[in-house]
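Asks: No sequence on hand, only this structure:
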């Protein structure tokens with residue numbers, strides 16, 4: 001007997017074909033990452049502002065004592081570094097916690113099932129993390145301004161280093177979130193890598209005043225160039241080379257982004 005043609009009404013739906021970039025899926029993933037941190041605004045936005053103000057109180061009022069650094073008041077010198085600290089830590093926290101919680105709760109399939117390419121995954125998580133970092137940085141800056149006279153000498157440097165730092169730490173957060181198997185691993189990265197590099201980057205002091213070999217070693221710290229370039233955007237003075245800082249920022253954005261792309265393509269600690 002000849003096979004009868006299948007009734008179209010009983011055929012399973014055909015997979016949707018996306019030509020080029022799945023913009024709808026990418027937008028949805030990005031919105032998820034943004035809404036995720038906005039939903040707990042007291043923790044993700046208000047808490048960093050309080051932390052920044054406490055740093056201002058301790059280092060400017062108690063330690064600064066009205067002295068000048070680089071020809072500007074100590075509060076003006078410290079403020080950009082505090083804002084950059086919030087950008088770095090919050091961009092990292094957003095992408096790393098999102099992926100680690102998904103792994104911990106067995107929800108990674110929610111990210112892998114939709115028709116998203118590895119590049120779209122990286123873009124969605126990275127841009128979501130960068131948005132949190134920049135938003136927290138802007139809110140922290142607004143809270144600090146009443147306590148520190150902060151000019152804007154070079155707006156391009158503020159934007160370039162702020163966005164670059166947010167993307168770098170967002171991508172590093174993706175790498176850490178995929179690598180970590182428990183929250184202790186994430187705490188180790190934060191406490192033994194992120195925080196030491198942040199505090200040893202010249203946020204609260206001039207690196208040139210450090211004794212050797214710490215002075216030279218500080219110039220190999222990427223955070224030094226990110227904070228120094230960001231501060232240059234406000235006060236118009238830098239300790240390190242702006243050219244080296246700009247090249248390093250671009251290279252780190254590309255390198256960390258490529259590493260995240262490789263991890264998603266190979267299913268590193270995802271499809272196990």
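Replies: Cool, the structure landed. None of the values given here were measured: they were computed from a predicted structure.
Asks: quick one: residue 195 and residue 267, what's the gap?
Replies: 30 Å (CB to CB, to the nearest Å). C-beta here means a position set from N, CA and C on the backbone, and glycine is covered the same way.
Asks: To clarify, my last question referred to residue 49.
Replies: In terms of CB to CB, residue 49 sits 38 Å off from residue 267.
Asks: Can you list the low-confidence ranges for the stretch 101-250 of the chain?
Replies: Scanning the stretch 101-250 of the chain for pLDDT under 70 picks out nothing.
Asks: if we go to 80?
Replies: 107, 112, 209-210, 214 (pLDDT under 80).
Asks: residues touching residue 59, list them.
Replies: 74, 78, 204 (CB atoms under 8 Å, 6 or more residues apart in numbering).
Asks: ok, back up a step: out of residue 49 and residue 267, which sits in the busier spot?
Replies: Using other CB atoms under 10 Å as the criterion, residue 49 and residue 267 rank with residue 49 on top: 17 against 13.
Asks: related to what we said a few turns ago, of the contacts of residue 59, buried ones?
Replies: 74, 78, 204 (16 or more other CB atoms under 10 Å).
Asks: Closest one to residue 156 out of those, please.
Replies: Among the buried ones among the contacts of residue 59, residue 78 lies closest to residue 156 (CB to CB), at 22.2 Å.
Asks: Which SSE is immediately downstream of the helix ranked longest in the chain?
Replies: Selection of the longest helix in the chain by residue count, based on DSSP state H, yields helix 74-104. Moving toward the C-terminus from helix 74-104, the next helix or strand (DSSP states H and E) is helix 109-112.
Asks: So which residues make contact with that following helix?
Replies: So helix 109-112 is in contact with 29, 102, 121, 270, 271, going by CB under 8 Å, 6+ apart.
Asks: let's see 10 Å
Replies: Residues outside helix 109-112 that contact it (CB atoms under 10 Å, 6 or more residues apart in numbering) are 29, 32, 98, 99, 102, 121, 124, 125, 264, 267, 270, 271.
Asks: Distance from the chain centre to it, please.
Replies: On the basis of CA atoms, centre = their mean, to the nearest Å, helix 109-112 sits 22 Å off its chain's mean C-alpha point.
Asks: Tell me what angle the very next helix or strand once past that helix forms with helix 74-104.
Replies: Remark: after helix 109-112, the chain's next helix or strand is helix 118-144, criterion DSSP H and E. With axes from the mean of the first three to the mean of the last three CA atoms, to 10 degrees applied, the angle from helix 118-144 to helix 74-104 works out at 140 degrees.
Asks: out of the buried ones among the contacts of residue 59, who's nearest residue 131?
Replies: Checking the buried ones among the contacts of residue 59 one by one against residue 131 (CB to CB), the nearest turns out to be residue 78, at 25.3 Å.
Asks: Hmm, that closest one is touching residue 56, no?
Replies: Yes - distance between residue 78 and residue 56: 7.1 Å, which falls inside the contact criterion (CB atoms under 10 Å).
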